[in-house]
Structures are given as structure tokens and as C-alpha cells.
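A.B. asks: any chance you can model this:
(one chain, ligands or ions: 1)
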Amino acid sequence: VSDWETVIGLEVHAQLATASKLFCACSTSYGATPNQNVCPVCLGLPGSLPVLNRRAVELAVRAALALECQVHEKSVFARKNYFYPDLPKGYQISQYDQPLATRGRLVVEGSDAEVVVGITRVHMEEDAGKNVHGVGGDSLVDLNRAGTPLVEIVSEPDLRSAADAAAYMKTLRDLLLFIGVNDGNLEEGSLRCDANVSVRRAGDTAFGTRCEVKNVNSFRFVQRAIEIEAARQIALLEAGKAVEQETRGFDAEAGRTYSLRSKEEAHDYRYFPEPDLPPLVVPESLVRAAGDETAELPAAVRARWVAELGLSREAAQTLTQHPGIARFFEAAAARSGDPVKAANWVQTEVLRDASWHGFDASFSVSPEQVGALIELVERGEISGKQAKEVFAAMRGSEASPVEIVKQRGLAVVSDESTLRPICERLVAEHPAQVAQVRAGKKGVLGFFVGRVMKETGGAANPKLVSEMLERLIAESEGS
Ligand SMILES: [Zn+2]
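C.D. replies: A predicted model of the protein is given here:
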């Protein structure tokens with residue numbers, strides 16, 4: 001297989017997070033009763049006319065800017081003609097030879113190295129409806145999705161491995177979610193991917209014949225579908241056969257791709273400018289406004305946290321998996337004054353019972369509570385072990401950590417008259433360990449600290465105990 005190179009370009013359809021459809025006022029809400037959100041425009045009834053949704057344009061421009069594309073002042077909607085039961089007009093309004101934006105790029109953390117993937121174009125279009133098969137032996141059509149605003153993001157064939165293609169899709173999902181363009185709900189179809197896959201012998205410069213694998217809607221499936229399709233093409237070529245250019249489906253259960261239709265050419269669609277809509281003119285003021293309201297991109301957030309807050313790359317990655325988590329962490333870090341500790345708490349405790357869906361994330365504690373808890377530990381008012389107990393009590397409660405510490409009588413034992421007898425006894429009982437500490441084995445001090453913590457139920461101030469032990473061991477040297 002290493003004799004072969006896989007060449008991949010992706011076309012991602014991302015639903016724009018608007019309340020209403022692209023050319024009518026129907027709701028885009030997910031999960032409505034079939035054919036509830038329809039009107040003469042999205043049903044394609046004769047005489048109805050499309051009116052462009054301004055918010056959709058703003059979000060599409062935002063996506064194009066985040067992908068470093070050039071946004072064109074003038075673009076043109078075009079009719080893409082084909083027949084399918086879920087397309088009542090008999091055409092889809094899309095953009096063709098004059099798309100909204102072109103020539104951008106997306107930087108992806110690939111499995112081996114950073115990959116810069118060229119973005120060929122970003123254009124706007126409406127979604128089709130959905131055919132539902134096998135309902136009492138019938139096939140039914142649900143047109144709630146018909147007219148939903150999408151951006152299609154087409155990449156250059158710059159990807160060379162299935163894993164990197166999955167990473168590209170994930171990076172793109174995170175980016176669109178962070179900037180509020182797409183809710184990231186792959187399982188609800190709001191981000192779908194077509195993969196153009198071809199193979200060639202390593203060292204060849206010409207591209208092989210490609211196949212398009214349609215409608216893959218998870219990161220794992222993108223990777224598997226490409227691996228399986230590339231293997232199929234390699235097997236064909238090694239057997240002296242040719243790859244036919246075609247559109248294929250992916251059957252995840254059977255672990256294979258299968259032919260849907262021979263690849264249609266652009267001219268099969270009889271594209272022509274949409275006569276019911278004027279050219280789309282995007283004034284510079286709209287582009288500027290879209291840029292201004294775009295949040296910091298996840299890659300920039302990660303770089304800033306690593307450079308300025310001292311977070312590891314892994315921590316930064318975990319904490320940017322959802323914008324709600326990122327906001328939680330930033331607030332907790334600011335309140336605590338110790339970003340690294342805040343990152344640890346969020347990763348190990350807060351995320352354990354956090355949940356997120358679409359743009360929303362919910363947590364069982366507040367960033368304020370977490371920040372205040374870290375501060376208490378830092379000031380030596382409670383031990384790390386007590387902090388876990390306080391955290392458990394904070395879950396689902398409004399109580400501040402200070403209140404919980406008071407309620408439970410949890411303050412750390414920093415009282416020398418309590419701790420000193422314990423330390424003295426332990427030093428007397430363990431001469432061998434004392435000798436080791438004297439011989440420079442500082443680590444053995446931890447043995448004593450551990451014993452003190454155990455005897456005080458984790459309530460002793462570990463810093464104080466450690467200092468006291470060192471002193472006692474030094475003092476006992478002459479005796
Ligand atoms: Zn409608």
C-alpha cells in the first residue's frame with residue numbers, strides 16, 4: 001500500500017445557524033413534525049418568489065472570512081436543475097461560476113504534521129428535503145429541510161490521508177461552531193461531507209480518476225469511507241483495471257462503498273443564473289461587520305493559552321472542544337488567578353458531568369465556584385483532599401466553597417500544637433526513614449507527610465507539615 005498515495009478533497013455542507021430558511025420565513029428548527037415548516041416558496045408552488053435571508057448572508061461571509069477567503073462583492077445565484085422527489089421546484093438555488101468567496105485556507109493538525117488545506121470556494125445554497133423510506137411500505141417526503149440555508153465549503157485536493165481528512169472535518173466543525181455559524185450537530189445533519197478520493201503511484205504528479213463518496217456525516221465515517229474507497233481503487237489498479245469516475249455511497253455496516261451513479265458533469269445540471277433573484281451584492285460594510293462580530297478562532301485561542309497561560313497543548317485542545325467549555329475555563333482561570341490549576345480542575349472534575357449540544361453547554365458548577373475553590377487551596381485554607389470534597393458538595397448547588405467549608409467544618413489544620421506531636425512521634429518511630437532523609441533522599445519526606453495526612457484525615461496543611469518534619473529531622477540529628 002505504501003506504493004500508493006491517496007489524494008483527497010472534501011466538500012462540506014454546513015447549515016447556517018439562522019432561525020428561518022434561505023428564501024422564506026419558515027422555521028429551520030430541528031425535529032418538527034414532517035412538513036410542518038413549509039410554505040409556498042419552499043414547496044416550490046407556481047408564482048411564489050424567493051426573498052434572500054440577510055442573516056444567512058452575514059453568517060456565510062463570517063465563515064468565508066474565518067477560512068481566509070476573498071469575499072466577492074458580487075456573486076450570482078444559479079439554478080442547478082435536477083429531478084428528485086425531495087426537490088419540489090425541480091432545481092436547487094445554488095451558486096455556480098460566481099460564488100460568494102474563493103481562495104482561502106484552513107490549517108489542520110494532521111496525524112504527522114500540520115497540513116495547510118486550500119479552500120477553493122465557499123458558496124451559498126439551499127438544502128433539499130428528505131425522503132423517508134419504508135414507512136408502511138411507502139416512501140414519504142418531508143420538506144422541512146427544503147430551503148434550509150447552507151454554505152458549501154470546497155477544499156483543494158490537498159489531503160493525503162484519511163486520518164487527516166477526518167481532522168480537517170473536525171477542525172472545520174470546531175471553527176464554524178466557535179464563530180456561531182453552524183451548531184456542529186452532525187447527528188442532526190447540520191454538517192455533511194462528500195469526499196473526492198483518488199489514488200496514484202507514489203511519485204506520480206498527475207491525479208488518478210476520482211470517485212465522490214457522498215453524504216458522510218461523522219468524523220469516524222469520513223476516515224473509514226476514505227480508507228475503504230482508496231483500498232478499492234488500489235485493488236482495481238493493481239489488478240490492471242481502471243477506476244470509473246462515479247458517485248458512490250458508503251455503507252458503514254457492510255464496510256464498503258457502492259456505486260450510486262456515474263459522475264455527472266456540471267453541464268448535466270444546466271446551470272443558469274436564477275431569474276428570480278438579483279445578483280448578491282455584499283457591501284464592504286457587511287464584510288467588516290461580519291469580521292468584527294467573529295469570535296476568536298479556536299486555533300488562535302489554543303495558541304494564546306499555551307503562550308500566555310502556560311497550558312499544555314493537550315489541555316488547550318480539550319478545553320476548546322466546545323465554545324461553552326472555553327468560556328467556562330477562561331472565567332474560572334480569571335477568578336482563580338491560576339490558569340494551569342483551573343485547567344486541571346475543569347478537565348478532571350468539571351467536564352465529568354458537563355454536557356453540551358449545539359451552541360449550548362451546561363455545567364453542574366459555576367466558573368466562579370471553581371475559581372474560588374482553587375483560591376482557597378492556594379491560600380492553604382483547605383487541603384487538596386478537602387477541595388475534592390467541597391467540589392462534590394458544590395455540584396448542583398449555588399453554595400460558594402467558603403460556605404461549604406464553614407458548613408462542614410473543613411478548614412485545614414495549620415495548628416502547630418496539633419501537628420507537632422504527630423510529627424515528633426512519626427520521626428521517633430521511623431529511624432530508618434529519618435536516616436534516608438538525612439542522607440539526602442528528600443523524596444522520603446513524602447512518606448512522613450503522607451502518614452500525617454492519613455492520621456489527620458487529609459486535613460493537615462501539607463506545606464506546614466513538610467516544613468515541620470524537615471526541621472524536626474534536622475534537630476534530631478545531634479541527639
Ligand atoms: Zn417556506
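
A.B. asks: who's in contact with the lengthiest helix in the chain?
C.D. replies: Across the chain, the longest stretch assigned as helix under DSSP state H is helix 219-238. Identification of contacts with helix 219-238 by Cβ atoms under 8 Å, 6 or more residues apart in numbering yields 1, 4, 6, 8, 10, 162-163, 165-166, 169-170, 173, 186, 193, 195, 197-199, 208, 211, 213, 216, 242-243, 248, 250, 252, 255-257. C-betas here are computed from N, CA, C, even on glycine.

A.B. asks: got it, and stretch 46-59?
C.D. replies: 16-24, 39-41, 93, 124, 149, 151, 180-181, 274, 276-277, 280, 282, 286, 289-290.

A.B. asks: pull out the buried residues from it.
C.D. replies: By neighbour count on 16 or more other Cβ atoms under 10 Å, the buried set for stretch 46-59 is Pro50, Leu52, Asn53, Ala56, Val57, Glu58, Leu59.

A.B. asks: isn't there a strand covering the second one?
C.D. replies: No: according to DSSP: H, G, I helix; E, B strand; the rest coil, Leu52 belongs to no strand; its state is coil.

A.B. asks: are any of the contacts of helix 219-238 buried, and which?
C.D. replies: Here, 16+ other Cβ under 10 Å leaves 4, 6, 8, 10, 162-163, 165-166, 169-170, 173, 186, 193, 195, 197-199, 208, 211, 213, 216, 243, 248, 250, 257 buried among these.

A.B. asks: which residues touch the spatially most central residue of the chain?
C.D. replies: Nearest to the mean C-alpha position of the chain, by Cα atoms, centre = their mean, lies Asp174 at 3.5 Å. With contact taken as Cβ under 8 Å, 6+ apart, Asp174 is in contact with Gly184, Pro298, Thr320, Gln321.

A.B. asks: give me the pLDDT for Arg103.
C.D. replies: pLDDT, Arg103: 98.

A.B. asks: ugh, wrong one, Ser2
C.D. replies: You'll see Ser2 listed with a pLDDT of 69.

A.B. asks: now swap in the one 10 residues further on and tell me
C.D. replies: Model confidence at Val12, expressed as pLDDT, equals 98.

A.B. asks: where does it fall, secondary structure wise?
C.D. replies: Following DSSP states H and E, one finds Val12 within strand 4-15.

A.B. asks: what's the angle from that strand to helix 219-238?
C.D. replies: Angle, strand 4-15 to helix 219-238, by axes from the mean of the first three to the mean of the last three Cα atoms, to 10 degrees: 140 degrees.

A.B. asks: which neighbouring elements make contact with strand 4-15?
C.D. replies: Applying 3 or more Cβ pairs under 8 Å, 6 or more residues apart in numbering; DSSP states H and E, we find strand 4-15 packed against strand 149-155, helix 162-178, strand 191-201, helix 219-238.

A.B. asks: following element in sequence after the longest helix of the chain, please.
C.D. replies: strand 246-251.

A.B. asks: how about low-confidence regions in this structure?
C.D. replies: 1-2, 477-479 (pLDDT under 70).

A.B. asks: what does it have sitting close to the ion?
C.D. replies: Cys24, Cys26, Cys39, Val41, Cys42 (Cβ under 5 Å from the ion).

A.B. asks: identify, from the residues you listed, the entry nearest to Ser383.
C.D. replies: Using Cβ to Cβ, Cys26 is the member of the residues of the chain next to the ion that sits closest to Ser383, with 58.1 Å.

A.B. asks: okay but the closest one is in contact with Ala19, surely?
C.D. replies: No: Cys26 lies out of contact with Ala19 (Cβ atoms under 8 Å); the separation is 10.0 Å.

A.B. asks: which one's more surrounded, these two?
C.D. replies: Cys26 (23 against 11; other Cβ atoms under 10 Å).

A.B. asks: all strands of the stretch 251-400 of the chain, in order?
C.D. replies: Applying DSSP state E, counting those that start in this stretch to the stretch 251-400 of the chain gives strands spanning 256-262, 272-273, 280-281, 355-357, 360-362.

A.B. asks: could you dump these to JSON lines with distance to Phe83?
C.D. replies: Listed next are the strands of the stretch 251-400 of the chain as JSON lines, based on distance: least, Cβ to Cβ, whole Å:
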{"stretch": "strand 256-262", "distance to Phe83": "13"}
{"stretch": "strand 272-273", "distance to Phe83": "16"}
{"stretch": "strand 280-281", "distance to Phe83": "26"}
{"stretch": "strand 355-357", "distance to Phe83": "36"}
{"stretch": "strand 360-362", "distance to Phe83": "39"}
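
A.B. asks: re earlier: so the residue nearest to the centre of the chain versus Tyr168, what's the distance?
C.D. replies: Applying Cβ to Cβ, to the nearest Å, the value for Asp174 to Tyr168 is 11 Å.

A.B. asks: could you do Glu187 as well?
C.D. replies: 19 Å.

A.B. asks: rewinding a little: just the C-alphas of the longest helix of the chain, formatted as CSV.
C.D. replies: Taking C-alpha atoms only, helix 219-238 is exported to CSV below (Å, rounded to 0.1, in the frame of the first residue of the first chain):
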residue,chain,number,x,y,z
PHE,A,219,-15.6,12.1,11.6
ARG,A,220,-15.1,8.4,12.1
PHE,A,221,-17.1,7.5,9.0
VAL,A,222,-15.2,10.0,6.9
GLN,A,223,-12.0,8.3,7.8
ARG,A,224,-13.4,4.8,7.2
ALA,A,225,-15.1,5.6,4.0
ILE,A,226,-11.9,7.1,2.5
GLU,A,227,-9.8,4.2,3.7
ILE,A,228,-12.2,1.7,2.2
GLU,A,229,-12.6,3.6,-1.1
ALA,A,230,-8.8,4.1,-1.5
ALA,A,231,-8.3,0.4,-0.9
ARG,A,232,-10.9,-0.4,-3.5
GLN,A,233,-9.3,1.8,-6.1
ILE,A,234,-5.8,0.4,-5.4
ALA,A,235,-7.1,-3.2,-5.7
LEU,A,236,-8.6,-2.3,-9.1
LEU,A,237,-5.5,-0.6,-10.4
GLU,A,238,-3.2,-3.4,-9.2
